[in-house]
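Visitor: Structural data only, the sequence is not supplied:
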Ligand SMILES: Nc1ncnc2c1ncn2[C@@H]1O[C@H](COP(=O)(O)OP(=O)(O)O)[C@@H](O)[C@H]1O
Ligand SMILES: Nc1ncnc2c1ncn2[C@@H]1O[C@H](COP(=O)(O)OP(=O)(O)O)[C@@H](O)[C@H]1O
Ligand SMILES: [Mg+2]
Ligand SMILES: [Mg+2]
Ligand SMILES: [Mg+2]
Ligand SMILES: [Mg+2]
């Protein structure tokens, strides 16, 4: 079982749907410890990215990812734009010329994506950022592959690790991004970027679990 | 029975007390159809006028009234300042050199005061202004004197006519002052200036009824 | 009441102190009676211009004292017109021997207090002319009422008359310019929220979350009508239509378009309003040759805006462009 | 949400249209990517200065484009830093051959987006330097956090660097001036009310009628602490103390004192604050040689204020006094 280019397209579309569905939720989380724009930013970005997809729909998965990354960079702005832009562009480089992905390829793409995010944002796990959802998701995915779990199972483990990572941001005091200005007052709130990261990974699992 | 200079001083002090007591009420009336300052304006003015009184306390009633009028003009501002200033200055001219007033003298002073207000403000009865309280108060006072009523009775009739005049402003559509900008929306509210006029005349009745 | 003030009764005096500290290069502040005047006043052989009114409309009028605009401004208590002694002393202080123009907004209190001051000044031998501004089309005009309020055009008139006075025009000429500006200007305002007079401590009126007031003045008084909230474009049309139609502004006329914040409405919204107002003016055949956008005649922290339109001829345009150097308006110098 | 807007998603574009209509003598507006640039750009042999950031801080930055200040400003969505393509295109548009300075407020998003743009511009052969402002003493600084926010000093830096660029100083020199201004400047802000991001439709935070936030930024984010409402004088002391103490401002130093409205606080309150801030600065032995008072770096309609102090030397003073002609700041020309 692999992840085909159509699967990837379906995932990206599902990302757009899920982000729109959770737009107000993400903004509400960002109101508590940020500036109340994460939902609108992500929604604007994914709408634009999906609008561009048809023009590259016959290309390889790497090209799809890069197109999404480029569009996010040019339409999201804020911290989310460069970070999610880098995420997809790095995933695109890892998936260059591929027309389908094994779960291992997906893990490699996710690793490249996460490394790009860390290189750009300099956040460590525990800083209360999207890295806190992405890092355990990647670990769980890699571990599942090592364990010989099948694709469905691997994706499920990855998404639930992301979910746990997202929830674990609640008690944290933010060290990076806008929430860090709040100091101790940032504790007790779930990080919006960790939440959007979980939503994207959960969308992958939902779309690709067959 | 006459109104002595001390009675006049007592009245002026009572005016100050009553205005302070009703400051918020006057402002609240002025909020509905004006600019929410009538209470603060009158209070500032009477406080200043009373502070100056000791320096003229041994003078005639006309001088007392003129002192109050001058101070009101210089401290109240708005429509109330020139109108109440004129009121007291004209009353002062009518009471010039008097050390006591008969009720007839008081009627003459009130008439001069009202004429001054009308000359300055050009309001007619029914325009929803202080004139609507002062005019019936003066008529009632003059009628009582003609009827041969005693001082107490004359003052009482005057105050209750002022009260009626004040209440009668409620349904009126304002034609003068700030409330006139509201057009039909000014109906249904009691005029703040008519209210302060009633309060001053009631204070006279309360102080001078023996 | 959420305000950065100390005691309500100290608002005006502490504000004056702040202005004195901040702008000593441009203005001086006189206390008791209170007025702000040009640091270099009196200016010989220049008509002096004095205005004033209640406080709470900042930068009007105190912020407009300086070269090319007012010679003095008299601040009353919040929303309360100043007293005659203020205008009298200010008039004496800035009189340069060529007479003094009083620019007075049409409110019963302002008119009466300025009239008393003018009488007293004339009694002391100073030539005084008073021009009353009354540009607010929200108010039904009538011989038997207080007439229209003076609002946005007052700012423009002070700027333009100030320039005319700098040119050493005579008192009559400067007063004529003022009457022309007032005659050619019209305004209309609206509010999204009430304001709170410090002394009163609570909002002057209650306005539900989904309603607005149309046809308000600048003293937190309610407007002519209350209606459901509308979009910026609809609001702009509601304000522009009576303004354009009240005066026979003709296709081809040059106009100055002034979009004003009532205090709490930020610049981003003013530009959205300006955009639509500009388009509506253009559609009516008017050429928007000059503009002013910002909080210039305010009602404390009230959210809302007003639009003023002034027909321009060559003279008014040049006077508008002339240098001005005041705390609140500054260009060309 | 009570705002004079049409659709939330059209706020920025309609604002730009308004600016384009209003200030075509000073600036041009480029759409998609969005940026505002000097009508006479590029100016040969002058360092060009580009700034930008989320919208909702008007007049910053778009209102500061013009002679003596910025060459271009890139507006993001409300409170969202702009995207690299905006800064790249703006940089290319205004580059006069002497290099381009990016003035960037210290926010993760702004830093990353500007960095990407600078990399792309450099790849196209344009010399770019970036200076990051981070003057907000409300934020605990640390190597391991996002560091201090860039707030009020940004306005001052843009004015002063603009003047330095007009003098034809080199890119390195202009960048050095910027670093000096940032190094010598400190700010602190507070809020009486939250603001409402148009897209969010409701206030970012709830603040009871008797409380305020101290140590806020300019994006409607809550501050460091919430406390009971205090008087203007107490609030001023709360802001001034950490500002004065953070930098070793020494007795005898000349300073620029900038009292800024967060958008909803009217001028009358700013002067009351300025009065106390001036007295506190004077008491600390500082000489307030220059000032700026008004809404210059705002958070939509938030009520509140911020105070910025900048130590001045002769060079900075002259650069501050130099002519500036932009929609939002104008003098000497
Ligand atoms: N340095 C960083 N590294 C990784 N993620 C970050 C960093 N800074 C912020 N983030 C993420 O970005 C999210 C906020 O994104 P968004 O609201 O779109 O941008 P902004 O903070 O500029 O308004 C945060 O919730 C956090 O997860
Ligand atoms: N032309 C007038 N003649 C008589 N009384 C008037 C006139 N205009 C206003 N008033 C009175 O003044 C009152 C308002 O006074 P005040 O609130 O102190 O002044 P302002 O209207 O300037 O704020 C009104 O309620 C009305 O009774
Ligand atoms: Mg955000
Ligand atoms: Mg009143
Ligand atoms: Mg009043
Ligand atoms: Mg943001």
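Guide: Cool, the structure landed. Quick caveat: nothing in here was measured; it's all calculated off a predicted structure. Ligands and ions are numbered 1, 2, ... in the order given.
Visitor: So residue A:126 sits against residue A:174, correct?
Guide: No. Using C-beta atoms under 8 Å, residue A:126 is not in contact with residue A:174, being 10.0 Å away. The C-beta positions use only the backbone N, C-alpha and C, and glycine is treated the same way.
Visitor: So between these two, which is more surrounded?
Guide: Comparing residue A:126 with residue A:174 by other C-beta atoms under 10 Å in any protein chain shown, the one with more neighbours is residue A:174, at 27 against 16.
Visitor: Please name the residues that touch that one.
Guide: The contact partners of residue A:174, by C-beta atoms under 8 Å, 6 or more residues apart in numbering or on different chains, come to A:33, A:127-129, A:180, A:182, A:186, A:191.
Visitor: Show me the subset of the residues you listed that also lies near chain D.
Guide: A:33, A:180, A:182 (C-beta under 8 Å from any C-beta of the partner chain).
Visitor: between those residues, which is closest to ligand 2?
Guide: Closest approach to ligand 2 among these (C-beta to the nearest ligand atom): residue A:182, at 45.1 Å.
Visitor: In contact with that closest one, which residues?
Guide: A:33, A:174, D:221-222, D:224.
Visitor: Just the closest residue of chain C to ligand 3, please.
Guide: Evaluated by C-beta to the ion, chain C has residue C:268 as its residue closest to ligand 3, separated by 18.2 Å.
Visitor: so how far is residue B:174 from that residue?
Guide: In this view, residue C:268 and residue B:174 are 37 Å apart by C-beta to C-beta, to the nearest Å.
Visitor: so where do the strands sit in chain A?
Guide: Taking DSSP state E as the test, the strands found in chain A are A:3-4, A:100-101.
Visitor: scratch that, the stretch 51-200 of chain C is what I was asking about
Guide: All strands of the stretch 51-200 of chain C, identified by DSSP state E, counting those that start in this stretch, fall at C:72-78, C:100-105, C:128-133, C:185-191.
Visitor: Wondering if the second one reaches ligand 5 at all.
Guide: No. Between strand C:100-105 and ligand 5, judged by C-beta under 5 Å from the ion, nothing touches; the nearest distance is 11.6 Å.
Visitor: and that strand, what other elements does it pack with?
Guide: Counting contacts by 3 or more C-beta pairs under 8 Å, 6 or more residues apart in numbering or on different chains; DSSP states H and E, strand C:100-105 is packed against strand C:48-55, helix C:84-94, helix C:108-123, strand C:128-133, helix C:153-166, helix C:171-184.
Visitor: again, but for the third one
Guide: Contacts of strand C:128-133 with other secondary structure elements, assessed using 3+ C-beta pairs under 8 Å, 6+ apart, are made with strand C:100-105, helix C:108-123, helix C:153-166, helix C:171-184.
Visitor: Any idea which of these gets closest to residue A:166?
Guide: Among the helices and strands packed on strand C:128-133, helix C:153-166 comes nearest to residue A:166, with 53.9 Å by C-beta to C-beta.
Visitor: how about the closest one: buried residues?
Guide: C:153-166 (16 or more other C-beta atoms under 10 Å in any protein chain shown).
Visitor: Need the pLDDT of the closest residue to residue C:46 other than its chain neighbours.
Guide: Spatial nearest neighbour of residue C:46, excluding adjacent residues (C-beta to C-beta, 6 or more residues apart in numbering or on different chains): residue C:96 at 5.0 Å. Here the pLDDT value assigned to residue C:96 is 97.
Visitor: now residue A:187
Guide: Predicted confidence (pLDDT) for residue A:187: 96.
Visitor: Next up, the contacts around it.
Guide: Neighbours of residue A:187 in contact, by C-beta under 8 Å, 6+ apart: A:170-173.
Visitor: Redo these as JSON lines? Include distance to residue B:99.
Guide: Below are the contacts of residue A:187 laid out as JSON lines (distance: C-beta to C-beta, whole Å):
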{"residue": "A:170", "distance to residue B:99": "83"}
{"residue": "A:171", "distance to residue B:99": "83"}
{"residue": "A:172", "distance to residue B:99": "84"}
{"residue": "A:173", "distance to residue B:99": "80"}
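Visitor: Among those residues, which one sits closest to chain D?
Guide: Checking these against chain D with C-beta to the nearest C-beta, the nearest one is residue A:173 at 9.7 Å.
Visitor: one step back: just the ones in helices from the contacts of residue A:174, please.
Guide: residue A:33 (DSSP state H).
Visitor: What distance do you get for residue C:156 to residue C:311?
Guide: From residue C:156 across to residue C:311, the span is 11 Å (C-beta to C-beta).
Visitor: circling back: mind checking which of the helices and strands packed on strand C:128-133 is nearest ligand 4?
Guide: Smallest distance to ligand 4 across the helices and strands packed on strand C:128-133 (C-beta to the ion): 7.7 Å, for helix C:108-123.
Visitor: hmm, the closest one touching ligand 4?
Guide: No. With C-beta under 5 Å from the ion as the criterion, ligand 4 is not reached by helix C:108-123; the gap is at least 7.7 Å.
Visitor: Is there contact, residue-wise, from that helix to chain B?
Guide: Yes. Applying C-beta under 8 Å from any C-beta, one finds helix C:108-123 touching chain B at C:108-109, C:112-113, C:116.
Visitor: Of the residues you listed - the most surrounded one?
Guide: Counting neighbours by other C-beta under 10 Å, residue C:113 comes out on top of the residues of helix C:108-123 next to chain B with 33 neighbours.
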